[in-house]
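What follows is a predicted protein model with its sequence.
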Amino acid sequence: MHPPPPGPVREPAWSLSRSAIGLWLAQGVLGTAVWALAGTAFLVFVPADAGWAVRVLRWLGPALVVGYGVVAIGVRPRLRYRVHRWEVTDEAVYTLTGWLTRTWTLVPVSRIQTVDVTRGVVQQLFGLSTVVVLTASSQGTVRMPHLESDVARRVAEDLARRAELVRDEAT
Amino acid sequence: MTERSPVLDVPLGRPAPQRTSPRVLAVHTITFQQARRLVPVALAVIAGTGLDGGRRTVVALAVGVTLVSLGSATLSWWRFGYAIGNGAVVVTRGLLSRSVRTVPLDRVRGVEVEAPVLHRVFGLVRVRIDAAAGAVGNKDEELVVDGLRREDGDRLRTALLTRRGHPASGVPAGDAATSAGPPAEEPEELISRFDNRWLRYAPLVGGYLAVPLAAVGALVRIADELPDRFVPDVGRPDALTGTVVAGALVAALLVLVVGSVVGAAVVNWRFRLVRRGGSLIAVRGLVTRRHTELEIDRIRGCTVTEGLGMRLAGAGRASALVTGLGDATRRGQLLPLGPRTEAWALSARLVEDPGPLRAHPPAARRRLVVRAVLPGLAVLAAGAVLTPTVGWWALLPAGAALAVLGVPLGLGRYAALGHAAGPHSLAVRAGWLVREHTVLQRRAVLGWQVRQSLFQRQAGLATVLACVGAGSGGYAAFDVAADEVAGFARAASGSWVVTLQPPP
């Protein structure tokens, strides 16, 4: 499961539910469909004899769309699933996100200002929610994407309650 | 409500709202403060009716515009009120729909008293009350009380800050209320004073160089719009000999240098940084006199900025990182321009120095040099393709030059990197064109973010960002050795960072 060189810091303990893969697959399919539509529109509406740049684009465009589709559907969902991890400890919230560039974020419970739970349209189909933990820093925001909805709600309630209890000066 | 009733005399209980000075009507009428919102409408009306440009029309237009401006200024003055009481500051306004904003005094992060030139003519000031709720402050989180008499402004500032600091204790009234000028409630300690010799650094600072450039740009636009008969006939382009070009260059350089010095002088005129009680107070400006108050308790760190040119001249700038301070880059400035020793002395006063910086590993140097050389190599490759096909041979030497210049650039960026963790503070430094050295208090860190790209993972590096509720929100140590990350974070903040520690 682990990538060959160990990360600079510990990995959070918990992985996401497998429905997250389904969600990312759906997002990949949707994204590819949008690009394919744009490419088709280009092929249909731009005359083919409008210069060498258009001739190059007529070949390059479909190739890029196919490449994007392969990565977004075939590679990225599984890679993301292997990378994404999260953990809530007694003292802190800890996540690992990304697929090529990985980002670990750690915020202590005592510095949490607000906890949000959001559900996107696609997320609702898969019964998933995102927990967003906000602090006084614009860059110290922890996103825990695609948790199962009831887990997300419990985590958010627990964090909000504990943040209220242990809040020191939040800035 | 009597004319002299200062905010201090308002008893605890239901505060009576106060108006600003009526003299502000003159200022707002002249500047179209309220009426400028009507300008698009007026233009549309004028365009629609198609006025002819007779003298009578112009006079009527001028009188009408002034009357509208006076009217709207009067209305908004009449409907505006502010009050302090019950532990909050309340600002009421709005012509038709009333808006009442109540900000608890403990949410007031800072108070700025500024006096633009027209305000000074009428002896007025504008008070900006920073009431950021925590995250990045925007303009909405600012209360503006425009057009107080200077002594009322000072009184409001004192009341806001004193009540916030000691919610229980009463504020001494009377003696301070009668004295003109800044009330002498606590002894002042002068920390820094602008030395006019420091103006010689101004041409080395990008921001000040932009002043003459903007002025020249505006002039060019005006000259473009002048009718042709007003533009002197300078001569035809074929008269551009070498001497003319050289002369123009020298003149442009002179304009830049003089303009930046003048710009810096106007903005920083008689800059003084004093400490009064628990606050730092910065006063500066020739045309608009600004009076910014920073609470020392809310200062979380300090950034010393040294640009490329400034490093050559030994100059530096220092700004405080203050939580919840709106418009922080301008307001946080402690030393806008000066010798680097002065900047460092200021920084050391606010935040303990965490000790010498640790250099980053050789892999970071390799990575930065490669990144700096790559654009040149890309141009070179493009040249290699395009020279035989299209004949753009110029790309080859340009790419080679860029690639060679990339080496010192990468080395320079590497030399700027550094981080340190001390018992009470931490420091990170980065940047070649603009080198920023930030020292943060330990308590400032409210989270960590570790980033590792694909290439960083191969090189065994990572970027560590300390999340802070002040300044830009986060301060990063770029390309730290991956196995040092957890140790640095642990040394630089509380015990909760143990979570990051990789298993042995």
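That came through, no problem.

so what are the domain limits for the chain?
By default, I'm working from chain A. A:15-82, A:85-166 (automatic domain parsing).

that's the other chain; I wanted chain B
Taking automatic domain parsing as the reference, chain B has its domains at B:7-188, B:189-229+B:246-270+B:300-350, B:361-416, B:418-504.

Distance check, the residue lying farthest from the centre of chain A against chain B.
Most distant from the centre of chain A: A:D49, at 41.3 Å, with distances by CA atoms, centre = their mean. The gap separating A:D49 from chain B is 21 Å, by CB to the nearest CB, to the nearest Å. Any C-beta I mention is one placed from the backbone N, CA and C, and that applies to glycine too.

Checking my notes, that residue in a helix, right?
No: under DSSP: H, G, I helix; E, B strand; the rest coil, A:D49 falls outside any helix and is assigned coil.

List phi and psi for it.
With angles defined as degrees, to the nearest 10, A:D49 sits at phi -100, psi 40.

Give me the spatial nearest neighbour of residue 127, chain neighbours excluded.
Looking at chain A here, since you left the chain open. In space, and not counting its chain neighbours, A:G127 is closest to A:S149: 5.4 Å by CB to CB, 6 or more residues apart in numbering or on different chains.

hmm, I had chain B in mind actually
Spatial nearest neighbour of B:V127, excluding adjacent residues (CB to CB, 6+ apart): B:V145 at 4.5 Å.

Now do the contacts for the one you found.
Contacts for B:V145 (CB atoms under 8 Å, 6 or more residues apart in numbering or on different chains) come out as B:T20, B:Y82, B:V91, B:R126, B:V127, B:I129, B:G153, B:L156.

Show me just the buried residues among those residues.
B:T20, B:Y82, B:V91, B:R126, B:V127, B:I129, B:G153, B:L156 (16 or more other CB atoms under 10 Å in any protein chain shown).

quick one, what contacts the fifth one?
Neighbouring residues of B:V127 by CB under 8 Å, 6+ apart: B:V111, B:E112, B:V113, B:V144, B:V145, B:D146, B:L148, B:G153, B:L156, B:R157.

any idea of the mean pLDDT for stretch B:187-194?
Averaging pLDDT along stretch B:187-194 yields 87.

pretty sure B:L256 is in contact with B:P203, am I right?
Yes: contact criterion CB atoms under 8 Å: B:L256 and B:P203 qualify, at 6.7 Å.

Identify the contacts common to the two.
Taking CB under 8 Å, 6+ apart as the criterion, B:L256 and B:P203 both touch B:L209.

Who are the contact partners of the residue nearest the centre of chain A?
The residue lying closest to the centre of chain A (CA atoms, centre = their mean) is A:P145, at 5.9 Å. By CB under 8 Å, 6+ apart, A:P145 lies in contact with A:L16, A:A20, A:H84, A:T97, A:T130.

What is the nearest of those residues to chain B?
Nearest to chain B, judged by CB to the nearest CB, of those is A:T97 at 10.3 Å.

Tell me, how many residues neighbour that closest one?
For A:T97, the neighbour count with other CB atoms under 10 Å in any protein chain shown is 19.

for B:G278, same thing?
With neighbours defined by other CB under 10 Å, the count for B:G278 comes to 13.

Neighbours of the nearest residue to it once chain neighbours are set aside, how many?
Among residues not flanking B:G278 along the chain, B:I296 sits closest, at 5.4 Å (CB to CB, 6+ apart). As a burial measure, B:I296 scores 14 neighbours (other CB under 10 Å).

For B:I191, see how far away B:I296 is.
With the distance defined as CB to CB, to the nearest Å, B:I296 ends up 11 Å from B:I191.

who touches both of these two?
Shared contacts of B:I296 and B:I191 (CB under 8 Å, 6+ apart): B:R275, B:L280.
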